[in-house]
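Peer 1: got a predicted model here, sequence first, then my questions.
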Amino acid sequence: MKHPVITALIVGALAVAGAYSKVAASGPRIDRATVEFRQPVTLQGHVLKGRYLVIHHEGMMQQGKACTYFYTLDGEIQGKLVASFHCTPVAREKVAQFIVRMSSDNPAGVTQILEVQFPGTAEGHRVPAS
């Protein structure tokens, strides 16, 4: 029997991540992480392969606006915006590493990003259903 969701740490064969969190001194929390997808994955209809910068902006989430952003990376330079969305917060256990939760349990059998979670946080950021 297939499991509906395959949880993937982006440190294995699929991807390698280097991540960090950043908290503004007086403003809303902004989390950032870099991730590398060695195999193609999809995010809201976009195929991702290679290195990306992932940002979650708490202030934008509180305003009901797009708060999670995926940018291409050219070396260490932020590139083009690939996708942005207003996430759904999900309570999780606190984690030490950046985590991407994915599933290939769909009619096309394509690996899709379902959620991201930043190190040092106890909240996942779920991608809205298409």
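Peer 2: That came through fine. Just so it is clear, the structure is predicted and the values come from calculations on it, not from any experiment. Numbers count the residues shown, from 1 in each chain.
Peer 1: please make it C-alpha for all contacts and neighbour counts, starting now.
Peer 2: Fine.
Peer 1: quick one: low-confidence residue ranges for this protein.
Peer 2: Scanning the chain for pLDDT under 70 picks out 1-26, 130.
Peer 1: where do the strands sit along it?
Peer 2: 6-9, 15-23, 29-43, 46-57, 68-74, 77-85, 88-91, 99-103, 112-117, 123-126 (DSSP state E).
Peer 1: deepest of those, which one?
Peer 2: Highest mean neighbour count among these (mean count of other C-alpha atoms under 10 Å): strand 112-117, with a mean of 23.
Peer 1: how far away from the center of its chain is that strand?
Peer 2: In terms of C-alpha atoms, centre = their mean, to the nearest Å, the centre of strand 112-117 is set 5 Å apart from its chain centre.
Peer 1: what's that strand in contact with?
Peer 2: 41-43, 95, 98-104, 123-127 (C-alpha atoms under 8 Å, 6 or more residues apart in numbering).
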